[in-house]
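>>> Quick one: sequence plus predicted model below, questions after.
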Amino acid sequence: DAGVIQSPRHEVTEMGQEVTLRCKPISGHNSLFWYRQTMMRGLELLIYFNNNVPIDDSGMPEDRFSAKMPNASFSTLKIQPSEPRDSAVYFCASSLRGFSGNTIYFGEGSWLTVV
Amino acid sequence: GNSVTQMEGPVTLSEEAFLTINCTYTATGYPSLFWYVQYPGEGLQLLLKATKADDKGSNKGFEATYRKETTSFHLEKGSVQVSDSAVYFCALSRYSGGGADGLTFGKGTHLIIQP
């Protein structure tokens, strides 16, 4: 069974450029999460979707960040314009919503560097 | 709100030593508790979990017991190996009336095992 698939794995971009990160969740999962990991702040939940609908985006840092989930098998996280402080590892994760003990499965991450 | 506190490390041990990584939490309701592990350059993988008080999660020689009276979920292993070197994250489920809504993570503990 394929896990959560993220692309690109690594991206280096210049400040001011648009960055789009992509995610394919595990088939059959109905919840999708975007996390950001930095040394300073650890793992932060940015946004999550349930049945393709954004439920909580209170973790999105500012208007430069946006996320969409047009269907059950695809999501994007976009940063426009990007800034050096956005450099981080961005993880997508998915799960079956309903029981608090359901495991959340993570992708391998998109390592973003903004110069 | 919900939060997780764990020792940050780095924790350095010799091979075959006994390991304890402390984790305490604050939460409303009855969350599920998790330990995730992150190897260098990879995403997070579930190590073990417990979904109710007094449950013990175990996997690959690691164990943790859900202690509601002390709000703790300490990770233990009797004899560590060099291959256990990684970052370990304690987490609890966020839960709303509709179901589990992601995880709140501790800052992570960097474990280094020396031969």
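Right, received. Where do you want to start?
>>> Now chain B against chain A: closest residue?
B:Thr51 (3.6 Å; C-beta to the nearest C-beta). Any C-beta I mention is one placed from the backbone N, CA and C, and that applies to glycine too.
>>> quick one: contacts for the residue most central in space within chain A?
When C-alpha atoms, centre = their mean is applied to chain A, the residue found nearest the centroid is A:Trp34 (3.0 Å). For A:Trp34, the contact set (C-beta atoms under 8 Å, 6 or more residues apart in numbering or on different chains) comprises A:Cys23, A:Leu45, A:Leu46, A:Ile47, A:Tyr48, A:Ala67, A:Ser75, A:Leu77, A:Tyr90, A:Phe91, A:Cys92, A:Ala93.
>>> Point me to the helix or strand that includes it.
In this structure, A:Trp34 sits in strand A:31-38 according to DSSP states H and E.
>>> Can you give me the buried ones in that strand?
Buried residues in strand A:31-38, counted by 16 or more other C-beta atoms under 10 Å in any protein chain shown: A:Ser31, A:Leu32, A:Phe33, A:Trp34, A:Tyr35, A:Arg36, A:Gln37.
>>> again, but for stretch B:19-30
Judged by neighbour count (16+ other C-beta under 10 Å), stretch B:19-30 contains these buried residues: B:Leu19, B:Ile21, B:Cys23, B:Thr24, B:Tyr25, B:Ala27.
>>> hey, C-alpha coordinates of stretch B:43-50 in PDB?
What follows is stretch B:43-50, C-alpha atoms only, in PDB (Å, rounded to 0.1, in the frame of the first residue of the first chain):
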ATOM      1  CA  GLY B  43       9.100  11.700   7.900                       C
ATOM      2  CA  LEU B  44       7.600  10.700  11.200                       C
ATOM      3  CA  GLN B  45       6.600   7.100  11.800                       C
ATOM      4  CA  LEU B  46       4.300   5.800  14.500                       C
ATOM      5  CA  LEU B  47       6.200   3.900  17.100                       C
ATOM      6  CA  LEU B  48       3.400   3.100  19.600                       C
ATOM      7  CA  LYS B  49       0.200   4.400  21.000                       C
ATOM      8  CA  ALA B  50      -2.300   4.000  23.800                       C
END
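>>> Look at the closest residue to A:Ala72 other than its chain neighbours and say how many residues are nearby.
By the measure of C-beta to C-beta, 6 or more residues apart in numbering or on different chains, the closest residue to A:Ala72 outside its immediate chain neighbours is A:Asn52, 6.0 Å from it. Neighbour count of A:Asn52, defined by other C-beta atoms under 10 Å in any protein chain shown: 15.
>>> same deal with B:Phe34?
B:Phe34: 27 surrounding residues under other C-beta under 10 Å.
>>> secondary structure class for it?
Counting by DSSP: H, G, I helix; E, B strand; the rest coil, the backbone at B:Phe34 sits in strand.
>>> quick one: it and B:Leu103 touch, right?
Yes. B:Phe34 is within contact range of B:Leu103, at 6.6 Å (criterion: C-beta atoms under 8 Å).
>>> shared neighbours of these two, anything?
Joint contacts of B:Phe34 and B:Leu103 (C-beta under 8 Å, 6+ apart) are B:Ala91, B:Leu92, B:Ser93.
>>> all strands of chain A, in order?
Secondary structure of chain A by DSSP state E: the strands cover A:5-7, A:10-13, A:19-24, A:31-38, A:42-50, A:53-56, A:65-71, A:74-79, A:88-95, A:105-106, A:110-114.
>>> No further queries at this time; thank you.
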